[in-house]
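>>> coords below, sequence missing:
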């Protein structure tokens, strides 16, 4: 089942707006974005300065010093919506979401939108000046308090999400509304936890006479040795943390990221330009073996986690049996006695 995702941020100054736009237009480092896909992003206005001018044009002359000047909306859905459904780029979903925003705030107050396709899941970003019916800045009328935030989530799910097979999160659950800062903070934290591996460079002598097998084994050994502390640390953390399921899921995502290692190894192979065609094929074969070894390490780690979890469950079983209410002893039918003995 896929769910709607709707996040908001209150921007109270042009500085706040500028910081948000730097992320939206990728004018500052964005760790959770994929640089090679940045050209797939689309923006209604050309750049941050145009957006700030459009926001300023909608602001009333008289306003409180602490008023919310702009509300940033980020709208997306569960990742499987974009991988399993027909609306893989989210264009139909985002078009309806934009209609919903314009109906809620007035089309003239939705001053700029962008669609990001360079992150894990596509999402719509919208900048809205929160003017009420009297032309005053009044973010509280739209986002004030838990009740209004919850009602907004329900309204969006029913008005937009349901049409696209998307559900609302469980209403009344202990889950809290996640702000845009928290949303991207979690993504950034996961990005920082990606293990870093230094691949050894070829020796000076390798430039003249490279032994692909020996070099490949040296690279594999270095990779596995550097991954070992990460594996041990993740096992220990998973064993000690009450949220074992969340930790294991994160660990699998980190250690299953063999593409990260493969790119580093391929970069090394491309620097070895003196190999002939036969030697290059041999070297590529060794690289495939290294990838297989890394995957084997990840598989072994997962098997160990399953075994450890099973052992803990079995260890708890006797304690659970001790607290069971007393009752008649079960009848157990054993083997017939051997009368010839």
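Arrived safely. In this text, all values refer to a predicted model and were calculated from it rather than measured experimentally. Numbering: from 1, shown residues only.

>>> any idea how the chain splits into domains?
What the record gives for the chain is the domain set 4-188, 195-319, from automatic domain parsing.

>>> Just the helices from the chain, written as ranges.
Using DSSP state H, the helices of the chain run over residues 14-24, 48-58, 79-84, 91-105, 140-143, 145-156, 180-192, 212-240, 244-255, 258-271, 277-322.

>>> what helices or strands is the fourth one leaning on?
Counting contacts by 3 or more C-beta pairs under 8 Å, 6 or more residues apart in numbering; DSSP states H and E, helix 91-105 is packed against strand 70-77, strand 110-116, strand 123-128. (C-beta placed from N, C-alpha, C; glycine too.)

>>> same thing but at 10 Å, please
Helices and strands in packing contact with helix 91-105 are listed as strand 4-11, strand 70-77, strand 110-116, strand 123-128, helix 145-156; criterion 3 or more C-beta pairs under 10 Å, 6 or more residues apart in numbering; DSSP states H and E.

>>> From residue 12, how far off is residue 65?
Residue 65 sits 9 Å away from residue 12, taking C-beta to C-beta, to the nearest Å as the criterion.

>>> that older thread, could you export the helices and strands packed on helix 91-105 as JSON lines, including mean pLDDT, distance to residue 104 and mean neighbour count?
Conversion of the helices and strands packed on helix 91-105 to JSON lines gives the following (pLDDT from 0 to 100; distance: least, C-beta to C-beta, whole Å; neighbours: other C-beta atoms under 10 Å):
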{"stretch": "strand 4-11", "mean pLDDT": "94", "distance to residue 104": "11", "mean neighbour count": "21"}
{"stretch": "strand 70-77", "mean pLDDT": "96", "distance to residue 104": "10", "mean neighbour count": "24"}
{"stretch": "strand 110-116", "mean pLDDT": "97", "distance to residue 104": "9", "mean neighbour count": "21"}
{"stretch": "strand 123-128", "mean pLDDT": "97", "distance to residue 104": "8", "mean neighbour count": "24"}
{"stretch": "helix 145-156", "mean pLDDT": "92", "distance to residue 104": "8", "mean neighbour count": "14"}
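
>>> Could you export the ones you listed to CSV, including columns for distance to residue 84?
Rendered in CSV, the data for the helices and strands packed on helix 91-105 read as follows (distance: least, C-beta to C-beta, whole Å):
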stretch, distance to residue 84
strand 4-11, 16
strand 70-77, 11
strand 110-116, 20
strand 123-128, 17
helix 145-156, 21
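
>>> can you tell me which of these comes nearest to residue 91?
Comparison of those against residue 91 by C-beta to C-beta identifies strand 110-116 as nearest, at 8.1 Å.

>>> pLDDT below threshold where in the stretch 201-341 of the chain?
For the stretch 201-341 of the chain, residues meeting the criterion pLDDT under 70 lie at 201-212, 215, 226-275, 313, 315-341.

>>> pretty sure residue 33 contacts residue 121?
No - the criterion here is C-beta atoms under 10 Å, and residue 33 misses it with residue 121 at 12.0 Å.

>>> of these two, who's got more company?
When neighbours are counted by other C-beta atoms under 10 Å, residue 33 and residue 121 differ, and residue 33 comes out ahead with 19 against 16.

>>> leaving aside the residues next to it on the chain, what's closest to the more buried one?
Leaving aside its chain neighbours, residue 33 sits nearest to residue 118 (4.7 Å; criterion: C-beta to C-beta, 6 or more residues apart in numbering).

>>> And for residue 293?
Nearest in space to residue 293, with sequence neighbours left out and distances taken as C-beta to C-beta, 6+ apart, is residue 220 at 5.4 Å.
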